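**Q** Give me a 3D structure for the following:
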Amino acid sequence: MIKIYHNNRCSKSRCGLDILEKSGQSFEVIKYLEDTLSYSELKGIIDLLGINPIQLVRKNEAVWKEKYKDQDFSDSELIEIMIKNPKLIERPIVINGNKAVIGRPPETILDII
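**A** Residues are numbered from 1 along each chain as shown. Presented below is the predicted three-dimensional model:
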């Protein structure tokens, strides 16, 4: 089943959700700000995306700028930071089987559904 890691306050995430709704396919909405991801879940998502953890960080968020900017972190430290501050996770993330994309722009979701 398709999964979307969704933040309803984000316009790109809402657009991604709209794309999935219009596709007619079944999908699960995961509100990752409410249901915090575990280390292994977030690591698995990063692996599916084929990126480094830093590429999933929203560097324009105030919490990043205030607490973490201009510091060096290991990949595991970055994952822990995103777990503690889920607002820092880029969104939306859509997973379909063994394929995953960050929906920025939202149309990239069409590549995996």
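
**Q** from here on, contacts and neighbour counts on C-alpha atoms
**A** OK.

**Q** Which parts of the chain are strands?
**A** Counting by DSSP state E, the chain has strands at residues 2-5, 27-30, 93-96, 99-102.

**Q** Looking at the ones you listed, which is nearest to Ile51?
**A** strand 99-102 (10.2 Å; CA to CA).

**Q** circling back: can you add mean neighbour count and distance to Lys12 and give the strands of the chain back as TSV?
**A** Converted to TSV, these look like this (neighbours: other CA atoms under 10 Å; distance: least, CA to CA, whole Å):
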stretch	mean neighbour count	distance to Lys12
strand 2-5	21	12
strand 27-30	15	14
strand 93-96	24	10
strand 99-102	21	10
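
**Q** Alpha carbons only: can I get the lengthiest helix in the chain in PDB?
**A** Looking across the chain with DSSP state H, the single longest helix is helix 11-23. The C-alpha coordinates for helix 11-23 follow below in PDB (Å, rounded to 0.1, in the frame of the first residue of the first chain):
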ATOM      1  CA  SER A  11       0.800  23.300   1.000                       C
ATOM      2  CA  LYS A  12       3.100  20.900  -0.800                       C
ATOM      3  CA  SER A  13       2.000  18.100   1.400                       C
ATOM      4  CA  ARG A  14      -1.700  18.900   0.800                       C
ATOM      5  CA  CYS A  15      -1.000  18.900  -3.000                       C
ATOM      6  CA  GLY A  16       0.700  15.500  -2.600                       C
ATOM      7  CA  LEU A  17      -2.300  14.200  -0.800                       C
ATOM      8  CA  ASP A  18      -4.600  15.600  -3.500                       C
ATOM      9  CA  ILE A  19      -2.500  13.700  -6.200                       C
ATOM     10  CA  LEU A  20      -3.000  10.500  -4.300                       C
ATOM     11  CA  GLU A  21      -6.700  11.000  -3.800                       C
ATOM     12  CA  LYS A  22      -7.100  11.700  -7.500                       C
ATOM     13  CA  SER A  23      -5.100   8.600  -8.500                       C
END
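
**Q** Alright, that wraps it up for me.
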